[in-house]
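>>> just to be clear, the model below is a prediction. Sequence and coordinates:
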Amino acid sequence: MEMLEIISIGIIATILFLLLKDKQPAIAFLIIIITVLYLFIVAIQYVTEIINLIVYLGEQANIHQVYIKTILQIIGIAYITEMGSNLVKDAGLESVAAKIEMTGKLIILFLAIPIFKSLIETIISIFPVV
Amino acid sequence: MLGDTSILFQIAGIGIIVAMIHTILKQMGKEEYAQFVSLIGFIIVLLFVLNSISDLFQQIRAVFFLKG
């Protein structure tokens, strides 16, 4: 069972963090970071499988590859933004975490521009503006 | 599917040893050396973490088609 291993890693990391928190806060924080990175590396193996499925389905359905690529990029940015902002929040820097989240949202909006443009063009070609 | 978790214990070990040396040096009255030991321990651990971060970011870049 992999889930049990992941839970044990979380508990062990918590105990080690509590051990070092008073004496060496910086190293204790690095323990958190390395635990989070490790769990993300485990999670990304599953994500890879799911994304392969999405790409395969898109190919079968003859969807233009640009759209799927954009959506996957958006998911990826959401994924790492969440990780980064949570890490910074753990260290107690709420405002920096808020800025990371804001930048992530803006970049997602920026990536969605081509899709939005093509949507508008489609609508205009269906109902031409006189 | 799970990789190597020993890095977690390595970091905790480095942290405990550094904390110990820090305390001993402080007791001996060598405040400035104690600060140095803390800093060097932190840098060593940071190197581990950097390796791990670059590993994760490479994988994310490969999976989500993020370039540049």
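Great, that's in hand. Residues are numbered from 1 along each chain as shown, chains lettered A, B, ... in the order given.

>>> next up, the contacts around the residue nearest to residue A:28 when sequence neighbours are not counted.
With sequence-adjacent residues excluded and distances taken as Cβ to Cβ, 6 or more residues apart in numbering or on different chains, residue A:28 is closest to residue A:20, at 4.0 Å. For glycine as for every other residue, the C-beta is placed from the backbone atoms N, C-alpha and C. Applying Cβ atoms under 8 Å, 6 or more residues apart in numbering or on different chains, one finds that residue A:20 lies in contact with A:27, A:28, A:31, B:12, B:15, B:16, B:19.

>>> and which of those residues is nearest to residue A:10?
residue A:31 (11.6 Å; Cβ to Cβ).

>>> identify the residues contacting that closest one.
A:13, A:16, A:17, A:20, B:8, B:11, B:12, B:15.

>>> quick one: residue B:44 from residue B:10, how far?
If you measure residue B:44 against residue B:10 using Cβ to Cβ, to the nearest Å, the figure is 10 Å.

>>> repeat for residue B:4
Applying Cβ to Cβ, the value for residue B:4 to residue B:10 is 10 Å.

>>> same question, residue A:101
32 Å.

>>> the two - which one has more neighbours?
Taking neighbours as other Cβ atoms under 10 Å in any protein chain shown, residue A:101 and residue B:10 compare with residue A:101 leading, 18 against 14.
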